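Undergrad: quick one: sequence and predicted model below, then my questions.
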Amino acid sequence: MQVPEHTYELERDTIDRLQRLIHFNIDSAGAYTAAADALESPTVRARLRAIASERRAQAAELQQFVAANHVAPADGGTFRGALRTSWMQLHAAVTSNDVAILKDAERAEDHMKEAYEFAIIKTGGTPVSHTLREHYERVLAQATALHDIREVLA
């Protein structure tokens with residue numbers, strides 16, 4: 001993805017929203033990696049690893065926008081994200097149930113969708129709004145895929 005040259009014009013509020021989305025994407029990647037490690041199905045495990053990779057790519061795209069504005073981009077997750085990842089690991093160790101793990105992943109996707117929805121509303125007309133809409137569409141597609149996979153396994 002090519003970052004437009006005029007991204008240095010982003011307002012501080014927009015940069016703060018991007019920083020939060022970077023954190024959310026990094027958190028999400030960690031949670032999906034942990035969930036994938038706990039799954040029994042190789043196909044579902046591969047799907048979750050692909051989602052984790054996509055989340056890392058989304059974070060990297062957003063980091064480019066932030067950096068183009070001469071601001072140091074967020075480069076890690078949040079404490080809450082670390083707790084969620086730990087919870088998923090613990091839950092997976094206790095249940096050994098792919099359906100339960102996928103339910104946890106679906107709940108995490110709901111939070112990601114809400115974060116993008118809010119950011120899209122607040123950043124309309126900015127150089128980053130198109131990228132946020134693309135990310136949001138991918139998040140929606142992944143949420144639907146997770147739901148469908150869980151339904152098949154249930």
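TA: Received it, and whenever you're ready, just let me know what you need.
Undergrad: which residue, other than its chain neighbours, is closest to the residue nearest in space to the middle of the chain?
TA: Centroid check for the chain by C-alpha atoms, centre = their mean gives residue 25 as the closest residue, at 3.3 Å. Computed as C-beta to C-beta, 6 or more residues apart in numbering, the closest residue to residue 25 that is not its neighbour in sequence is residue 59, at 3.8 Å. (C-beta placed from N, C-alpha, C; glycine too.)
Undergrad: what about residue 19, how many neighbours?
TA: By the criterion of other C-beta atoms under 10 Å, residue 19 has 17 neighbours.
Undergrad: list the buried ones in the helix or strand that contains it?
TA: Taking DSSP states H and E as the definition, one finds residue 19 inside helix 12-38. Neighbour counts over helix 12-38 (16 or more other C-beta atoms under 10 Å) mark 14-15, 17-36, 38 as buried.
Undergrad: got it, and stretch 54-66?
TA: So for stretch 54-66, counting by 16+ other C-beta under 10 Å, buried means 54, 55, 56, 58, 59, 61, 62, 63, 64, 65, 66.
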